[in-house]
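>>> Okay, structure incoming, though there's no sequence with it:
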Ligand SMILES: Nc1ncnc2c1ncn2[C@@H]1O[C@H](COP(=O)(O)OP(=O)(O)OP(=O)(O)O)[C@@H](O)[C@H]1O
Ligand SMILES: [Mg+2]
């Protein structure tokens, strides 16, 4: 379990997180949604130990802040909202950085970087330079990297976690579905997924639980059916939203039919 | 199907090429070293003399002086300084996440120079006990401290929240270099005649003053800096993705950054202390290697040491040969070779460098 209680964090002079309670279970996909600036990224960064915060954070029973970075890296991988790359690495090399701690890959692990690339729809991209890929392709390279980081632990049945900050924001609809299916798959293997999302339809199709943020506070948390109500969503995003209602005047709308 | 995928090397993996290139560079360095023992005004044949010397037989006085007291320390100095400058450049570029960061360009060399000059001019003011402990190492250690202070200041000024601004880094480097240069000028102004002789000898940016004594003074500091490099390789690979990503990959980021700064200061400082300011090795060598074998620091750092050493040896031979029997300061040779390459790097990156 990932449990946070009374989480507060300030960035600069701003109190961004104001007493957040959060829970995510292994084997489930937990999504964090809310308007721009509501504190989703900040919450994720606090939950991964990247920024200082007050309040309790427990990861699988242990105090998160007492786990050394090296050990933490074996238990959870984090996809930031934006990834940078300072030097001209190839796609293969960046994915391989997911296993930074390991010098040589054993024979049974040598194919894993290629497998991870295949899972994000980038089979054969290994020799390309990352900086010469499109934005969405670059985003998927980093997805493959974080996937590789926790791939072996999750298959071995060890508790581990994926933290994804807007994993599909840059992707086309087909790859959005592919990546969300991947998240479901990871949870199906027993891993825990915490994902910050903007697309409410994809969230509804993928998430087991949703936490709805507004102004650095939790507006609602629970199963999708409970959180995605006309009133809660309209209040959170400050605009009129209807759940499961075709647009007035018969306007066109496109909805994916299933994840995977 | 299985057999096929086993036989195929994972595509995009350049580690095998990097290893092969490293072996090749080691071979090139060995050949260059042999040639450099040959090159010189006096016609001495190095191999037989070295063989005699190693097996304890008599060696003629002239051979002995030329080979053992002049060429050998000079060879080793060139190798150590070349390795130090190239590794310092690669480390600094990894730390600042920018291929333009180089101790010589961003004022760290000037800071180290200030440290060295301070030691030469004001060293006599030190308490006798401390001076005794440091002994010959005083100048390299002072240069290390100067380089360390300027790297720290540069890092603090140009990096915020794990992001380095290229513009701030380059401008802060210019300011630091100018400040250190002014302070160095002031010290030279108050130096006495004996110190001035030391200073001119030192400040030439040259290997002409190489001696066993100087080598013994600087080598431990350089080696300490070089030995830290392999420890840092993985951390720098992680840092290429950004500080947060490195942390999530298990890199102890703060510790790695502190060690990298110390290592840059030690290699730059001690190199400056024995040979003055020799430019462009630190920026050209890592850049060429990244083109040839990729940016993975596990391979880049050792290869940079080898190529830096080979390049400085080559530059030293040119410096000794072109105006023989006189010689050019080696800094001039590296500038003539390295300056255009640096401009070429800038041209290639035009549009990528967001100033
Ligand atoms: N480094 C910072 N210093 C000061 N304030 C910050 C900093 N980073 C974020 N904030 C503020 O904290 C609030 C929450 O930011 P956060 O990045 O968590 O939002 P978010 O919910 O992820 O938004 P988005 O949907 O745009 O990604 C914002 O009001 C932002 O202005
Ligand atoms: Mg965000």
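Ah, there it is. Not measured: the values here are computed from a predicted model. Ligands and ions are numbered 1, 2, ... in the order given.

>>> residues near residue A:234, how many?
14 (other CB atoms under 10 Å in any protein chain shown). In short, each C-beta sits where N, CA and C put it, glycine included.

>>> give the contact list for the closest residue to residue B:111 other than its chain neighbours.
Excluding its sequence neighbours, the residue lying closest to residue B:111 (CB to CB, 6 or more residues apart in numbering or on different chains) is residue B:150, at 2.9 Å. By CB atoms under 8 Å, 6 or more residues apart in numbering or on different chains, the contact list for residue B:150 reads B:107, B:108, B:110, B:111, B:112, B:176, B:180.

>>> swap the cut-off to 10 Å and go again
B:103, B:106-115, B:172-173, B:176-177, B:179-180, B:264-265, B:268-269 (CB atoms under 10 Å, 6 or more residues apart in numbering or on different chains).

>>> ok, of the residues you listed, which come out buried?
B:103, B:106-115, B:172-173, B:176-177, B:179-180, B:264-265, B:268-269 (16 or more other CB atoms under 10 Å in any protein chain shown).

>>> Not counting its neighbours along the chain, what's nearest residue A:182?
Using CB to CB, 6+ apart, the closest residue to residue A:182 is residue A:119 (5.9 Å).

>>> Provide a list of residues in contact with that neighbour.
Contacts of residue A:119 (CB under 10 Å, 6+ apart): A:140, A:143, A:144, A:147, A:148, A:151, A:178, A:179, A:181, A:182, A:185, A:186.

>>> hey, what's the residue nearest the centre of chain A bridged with?
Taking CA atoms, centre = their mean as the criterion, residue A:164 is the residue nearest the geometric centre of chain A, at 1.7 Å. Counting by DSSP bridges, residue A:164 is bridged to residue A:79, residue A:195.

>>> host element of the closest residue to ligand 2 within the stretch 1-150 of chain A?
Proximity to ligand 2, evaluated over the stretch 1-150 of chain A using CB to the ion, is greatest for residue A:41 at 3.1 Å. Taking DSSP states H and E as the definition, one finds residue A:41 inside helix A:40-47.

>>> Also residue A:256?
Applying DSSP H and E, one finds residue A:256 in no helix or strand.

>>> List the contacts of the residue nearest to residue B:135 when sequence neighbours are not counted.
Leaving out its chain neighbours, the residue that sits closest to residue B:135 by CB to CB, 6+ apart is residue B:217, at 7.9 Å. Residues near residue B:217 by CB under 10 Å, 6+ apart: B:134, B:135, B:136, B:137, B:138, B:139, B:140, B:141, B:211, B:270, B:273, B:274.

>>> just checking, residue B:217 is part of a helix?
Yes: membership of residue B:217 in a helix is supported by DSSP: H, G, I helix; E, B strand; the rest coil.

>>> And the average pLDDT for the helix holding residue A:41 is what?
Helix A:40-47 shows a mean pLDDT of 97.

>>> For that helix, buried residues please.
Going by 16+ other CB under 10 Å, helix A:40-47 has these buried residues: A:40, A:41, A:42, A:43, A:44, A:45, A:46, A:47.

>>> Pick out whichever of the residues you listed sits closest to residue A:195.
In terms of CB to CB, no member of these lies closer to residue A:195 than residue A:44, at 8.9 Å.

>>> correct me, but the closest one touches residue A:57?
No: using CB atoms under 10 Å, residue A:44 makes no contact with residue A:57, being 11.8 Å away.

>>> so what's in contact with the two at the same time?
Common neighbours of residue A:44 and residue A:57 (CB under 10 Å, 6+ apart) are residue A:22.

>>> ranges for the strands of chain B?
B:159-160, B:163-164 (DSSP state E).

>>> among the ones you listed, which gets the worst mean confidence?
Least confidently modelled of those is strand B:163-164, at a mean of 68 by mean pLDDT.

>>> Tell me, what's the model's pLDDT at the residue nearest to residue A:182?
Per-residue pLDDT puts residue A:119 at 95.

>>> Packing partners of the helix holding residue A:41?
If you count contacts as 3 or more CB pairs under 10 Å, 6 or more residues apart in numbering or on different chains; DSSP states H and E, helix A:40-47 packs onto strand A:2-11, strand A:14-24, strand A:29-33, strand A:54-59, strand A:76-79, strand A:161-165, strand A:192-196, strand A:209-214.

>>> Sketch out the low-pLDDT regions of the chain for me.
Using chain A here. Residues of chain A meeting the criterion pLDDT under 70: A:103, A:260.

>>> try again with chain B
Looking along chain B with the criterion set at pLDDT under 70, you get B:1-10, B:40-44, B:161-164, B:166, B:201-205, B:349-355.

>>> so which residue of the stretch 151-260 of chain A comes closest to chain B?
Relative to chain B, the nearest point of the stretch 151-260 of chain A is residue A:163 (8.3 Å; CB to the nearest CB).

>>> Give me the distance between the residue nearest to that residue when sequence neighbours are not counted and residue B:74.
Spatial nearest neighbour of residue A:163, chain neighbours left out: residue A:78 (4.5 Å); criterion: CB to CB, 6+ apart. Distance of residue A:78 to residue B:74, given as CB to CB, to the nearest Å: 51 Å.

>>> higher neighbour count, these two?
Taking other CB under 10 Å, residue A:78 and residue B:74 do not tie; residue A:78 has more neighbours (26 against 22).

>>> Can you give me the distance of the more buried one to ligand 1?
14 Å (CB to the nearest ligand atom, to the nearest Å).

>>> Hmm, that residue is touching residue A:196, no?
No: Residue A:78 is beyond contact range of residue A:196, at 11.2 Å (criterion: CB under 10 Å).

>>> Would you mind listing the residues touching both of those two?
Residues touching both residue A:78 and residue A:196 (CB under 10 Å, 6+ apart): A:44, A:163, A:164, A:165.

>>> list the contacts for the last one?
Under the criterion of CB under 10 Å, 6+ apart, the contact partners of residue A:165 comprise A:32, A:40-41, A:43-45, A:48, A:78-83, A:194-197.

>>> Look up the closest residue to it, ignoring the ones flanking it.
residue A:81 (4.2 Å).

>>> Helix, strand, or coil at that neighbour?
coil.

>>> give me every residue that touches it.
Here residue A:81 is in contact with A:40, A:41, A:44, A:45, A:164, A:165, A:166, A:167, A:169, A:196 (criterion: CB under 10 Å, 6+ apart).

>>> will you turn the residues you listed into a markdown table that also has distance to ligand 1?
Converted to a markdown table, those look like this (distance: CB to the nearest ligand atom, whole Å):
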| residue | distance to ligand 1 |
| --- | --- |
| A:40 | 3 |
| A:41 | 3 |
| A:44 | 8 |
| A:45 | 8 |
| A:164 | 13 |
| A:165 | 7 |
| A:166 | 7 |
| A:167 | 13 |
| A:169 | 9 |
| A:196 | 6 |
